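# Quick one: sequence plus predicted model below, questions after.
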Amino acid sequence: MDKNNSKAWLYLLPAMIFLGVFMIYPLFDVMIYSVEEGYNSASQTYFGIGPYNYNYVLRDPYFLQALKNTFILVVITVPLSTGIALLISVGLNSIVKLRDFFQTVFFLPYVTNTLAVGLVFMILFKKTPYSDGFANLLITAVGGTAVDFIDGPYWAKMFVMCFYTVWVVLPFKILILTSALASVNPDYYKAARVDGTSRLRIFTRITLPMISPMIFYLVITGFIGAFKAYSDVVAIFGTDLNAAGMNTIVGYVYDMLYGDSGGYPSFAAAAALILFAIVLTITCINLLISKKNTHYA
Amino acid sequence: MHQNTDFSAIEKQAQRNERIRKVLTYVLLTFWAIIVLFPFYWMILTSVKSYSAYNSEYIPKLYTLSPTLQNYLDAFTAVSLGRYFLNTLIFTVVTTALMMVVTVFAAFAFARLKFKGKDLLFTLFLSLMMIPNELVIITNFVTITNAGLRNSYMGLILPSVTSVFYIYLLKENFEQIPEELYKAAKVDGTSDFKYLWKVMLPICQPTMVTIAILKVIECWNSYVWPRLITDDEAYFLVSNGIQEIRENGFGRENIPAMMAAVVVISIPLIVLFIIFHKKIMAGVSRGGTKG
Amino acid sequence: MKIVLQNLTKRYPNRNKKIKEDVIAVNNFNFEIPDGKLIGLLGPSGCGKSTTLNMICGLEKPSDGKIFFGDDDVTDLPPENRGVGMVFQSYALYPHLTVLQNIMFPMENLKGKDKMTKEAMRARAEEAARMVQIDQLLERKPSELSGGQQQRVAIARALVKVPRVLLLDEPLSNLDARLRLQTREEIKRIQRETGVTTVFVTHDQEEAMSISDLIVVMEAGVVQQIAKPQIVYEDPINLFVAKFLGTPPINVFEGEVRGGIVYIGEDAGIKAEPDSSWKDGAPDAAPGVALQDGPVTIGIRPEGFDPEKDGELRCGLTAVEVMGRDTSIVATNAHAANGSIRTIVSTEELAEVSGETVNFRIKPARIYLFDHETGTRVRCTFKPLH
């Protein structure tokens, strides 16, 4: 038994070392960073302990802009992507022909490099002196005026950002919802048909409650994911997000840490912890709501 | 009898509605399929347009009659795309291999071995899943910098190795193997390691493959950590390479060459996906999330 | 409401796309189900019984043939316009709704002039719940009920619309043995009280025998026999029906007819005379024609054996299994289909049995002859030779 005991720890050792050094220690360390005032990364000294870093971050206009951008992104993309995914999944589940084909195509964005396709999106939406770009081609074709979606007005930039985010997160949601829908026992639908239930009623009274745990799961992971948006934004607007006015909270953290505006791990730590607090709060609220509304766990 | 004619009208109406619904469904699905596929089409199309042809199209053309592979040549010669590729390959293979070893051992310990404090430790493990990467990356950045590992494979790989989620996934799978098999092996005098190697791994091979593929995708697409830890082009991964190409390579406006680079770095994963799409989709629906 | 099935046929395209020929799930089913009866569709899995039920329900469309409820042709009607109630094998109770909400669900679908008030629906639901004796469970969720209770809720939900026809798909298969006995009595009682024409599907012959007014035995899409339970057992129309009904199953021997005497091997003979008195039903029976010499398949029910010292059927004794009231003798015989036979004798007769061999006298009333090739019943009356 004793021998078994020590052997077990030996099997666990590699995982423990990696997790200890790169997850557990940093977790505590980041909290320490966030309260060390005036930390200097070159000399590794600081003046004192206090909430100054938080105060600074919360007053930094760049952070407030990032906060605003992130919130708008979350509020638009989470319901939108979940809704579209639901629509597409219901459509997928109702067909037989070409179903595998559509399913495979819809999943494709999941495996592609966010940065690479983001660049394509940038080109599709960008307006240059040489060309209005493809998106504007469509807009002018229906009688609109061309807009620069990449360097133009805020709403246009926000539109591209939301559009790309939805494009990127949809594969996962479609996959989860399609398998949730497929796992509903077909007897329920047969029973409902025998009872003459209308399609709309079948959907709202049977299908939705049946897959509600998965919908809530997607909403929760969707919130978390959208709050952490970064690489897809970089892909479209480039690394200097502050200049583009499209920074996100995570982008702000990295900018504080590294790059032209970097070298302030304390501010980065404070911002990261603020983000964590926001995500945690919203996840808890989500969980409370989902407990009330999903009918069986 | 009057009733019957009434019903047949209902039936006809229902059939008509059914057909309309079907058409609408296919229209919707096709529409979204086009939105999904169009960027890929555009990327390939642009990559075979010549630089001058592309720049002379004020209204972008949806096809080209004179495709060229010149951009692909440029992509490999004008910027170090080959270098980025090789770096990503090394990074992906080594990280995935290390991750598999660490994960298999830890999952085995949790699934089969008995030791004091196992349940408590596993709960702690699980709670680690809640910690966002953004939080710990700050200290990791400092740690790796202080260790002098910036711009090195070690610095890239080490913090990317562990994944609590995959340990959890594999442990669950290991536990589905009947306890009797382990007992039988013990009766026959099989060592734990041999049992793991000869019995558990072959049985759990599908899960192992799934985990490995998911990790490969994750590695191939990773951007944030490599960006923080490398500023020497010799250690760039493809994602950073793309960003670098966009901001400094080719001259800002050589978009066809950029697209050629984008096509080249997208191909490996798309090929992987085409081969393994059933496995990948099954694996992801079992609980993978992006990012 | 009587149900008439007229040339009912269901074909599916073959799953193996290389084979062009369709799979025939139900082949030319003709039957008039009398009003107010409880009918059991019995057969092994894949015999087409569930397909038949689904066609009566309207969930599947027949490829050919017609279905009438009374005088109404319902062949092309969707299920909701047929007035059927269906209980699914899995019960299909909506897990997020309470028992009461589940039972009320079908009524909430009614539109136009049929629309009911909440109070009326509730009253009807409670009435249905009382009928199946679950009226004290109305506020529970399905997951909080036992299998038997869930079954009752499903029946209540099917009955609440006052259907013209009640359909049950494998109603007892998800219950444990004890509940099964209880629930089948319950189904019988509910059917009696409501008087609704009821069709249920089962692969369990005991279930079908115990509660049906009429049994329809199906095999490979074809109806084999339609009769009262006791008739199906005592007077099977062919070898399949004889083998499918009865536990332990009928013992099958390969034998021979020589000069009006049926032999099992060389020694065991029994005199057979074609049964000219038997008239109705089976198309292949040819009353009055003398038995042809030649090979024949013989079926003997397990209770058709008397262990006797000078019995005509000589067997090797394998085992004597005492099972309470009855005793089962397992013996070997070279001419039995799989080399061994199983009989049931009353325990008093056991004294005779010991040693290596056992001889049986065969009770004439328990012997059935079947055509060697087709398995069709050859009707005879039997007399012992001695």
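In hand now; what should we look at?
# And the next helix or strand past the longest helix seen in chain A?
Scanning chain A for the longest helix, with DSSP state H as the assignment, gives helix A:61-93. Per DSSP states H and E, the first helix or strand lying C-terminal to helix A:61-93 is helix A:99-111.
# Now do that following helix: distance to the chain's middle.
Distance, stretch centre to chain centre, for helix A:99-111: 20 Å (C-alpha atoms, centre = their mean, to the nearest Å).
# re earlier: relative to helix A:99-111, how tilted is the longest helix of chain A?
Put simply, helix A:61-93 runs at 160 degrees to helix A:99-111, going by axes from the mean of the first three to the mean of the last three C-alpha atoms, to 10 degrees.
# Show me what counts as buried in helix A:61-93.
For helix A:61-93, the neighbour count (16 or more other C-beta atoms under 10 Å in any protein chain shown) marks A:62-63, A:65-67, A:69-70, A:73-74, A:76-78, A:80-82, A:84-93 as buried. Where you see a C-beta, it was placed from the backbone N, CA and C, and this is true even at glycine.
# which secondary structure elements does it contact?
Under the contact criterion of 3 or more C-beta pairs under 8 Å, 6 or more residues apart in numbering or on different chains; DSSP states H and E, helix A:61-93 touches helix A:99-111, helix A:154-182, helix A:208-227, helix A:241-244, helix A:249-257, helix B:2-47.
# wait, does the first one contact chain C?
No - when contact is scored as C-beta under 8 Å from any C-beta of the partner chain, no part of helix A:99-111 falls within range of chain C; the minimum is 15.3 Å.
# C:L317 should be in a strand, yeah?
Yes - counting by DSSP: H, G, I helix; E, B strand; the rest coil, C:L317 is part of a strand.
# Of all the helices and strands packed on helix A:61-93, which one is nearest C:N54?
helix B:2-47 (17.4 Å; C-beta to C-beta).
# following that closest one, which helix or strand shows up next?
helix B:51-56.
# What residues of that next one count as buried?
Per 16+ other C-beta under 10 Å, helix B:51-56 contains these buried residues: B:Y51, B:A53, B:Y54, B:N55.
# Spatially nearest residue to the third one, not counting backbone neighbours?
What that stands for is B:Y54. Spatial nearest neighbour of B:Y54, excluding adjacent residues (C-beta to C-beta, 6 or more residues apart in numbering or on different chains): B:P256 at 5.0 Å.
# Check whether the one you found really touches B:L45, as I assumed.
No - shown here, B:P256 and B:L45 do not form a contact pair, counting by C-beta atoms under 8 Å, at 9.5 Å.
# where are the low-confidence patches of the chain?
Reading this off chain A. Across chain A, the ranges flagged by pLDDT under 70 are A:1-4, A:40-43, A:259, A:294-297.
# try chain C instead
Using pLDDT under 70, chain C drops low at C:17, C:266-291, C:348-353, C:384-386.
# Using the three-state scheme, assign C:F382.
Assignment for C:F382 (three-state DSSP): strand.
# Go ahead and confirm it touches C:P364.
Yes - using C-beta under 8 Å, C:F382 is in contact with C:P364, at 3.6 Å.
# Name the residue in those two with the higher neighbour count.
C:F382 (19 against 15; other C-beta atoms under 10 Å in any protein chain shown).
# give the contact list for the residue most central in space within chain B.
What sits nearest the mean C-alpha location of chain B, by C-alpha atoms, centre = their mean, is B:I217, with 2.2 Å. By C-beta atoms under 8 Å, 6 or more residues apart in numbering or on different chains, B:I217 lies in contact with A:Y110, A:V111, B:L269, B:L272, B:I280.
# and the residue nearest to the third one when sequence neighbours are not counted, what is it in contact with?
Computed as C-beta to C-beta, 6+ apart, the closest residue to B:L269 that is not its neighbour in sequence is A:V111, at 4.8 Å. Going by C-beta under 8 Å, 6+ apart, A:V111 touches B:I217, B:L269, B:I270, B:L272, B:F273, B:I280.
# Select from those the entry with the lowest predicted confidence.
By pLDDT, B:I280 ranks lowest within the contacts of A:V111, coming in at 84.
# quick one: it and chain C, what's the gap?
Distance, B:I280 to chain C, by C-beta to the nearest C-beta, to the nearest Å: 27 Å.
# number of nearby residues for that residue?
For B:I280, using other C-beta under 10 Å, the count is 25.
# Check A:L13 too.
14.
# that's a helix at it, yeah?
Yes - remark: A:L13 belongs to a helix, assigned using three-state DSSP.
# what sits against it?
Contacts for A:L13 (C-beta under 8 Å, 6+ apart) come out as B:F105.
# Relative to B:A109, how far out is it?
Separation of A:L13 from B:A109 (C-beta to C-beta, to the nearest Å) stands at 9 Å.
# cool, A:G133 as well?
From A:G133 over to B:A109 (counting by C-beta to C-beta), the distance is 55 Å.
# Tell me which of those two has more neighbours.
B:A109 (28 against 23).
# Not counting its neighbours along the chain, what's nearest that one?
Using C-beta to C-beta, 6+ apart, the nearest residue to B:A109 is A:Y11, at 3.9 Å.
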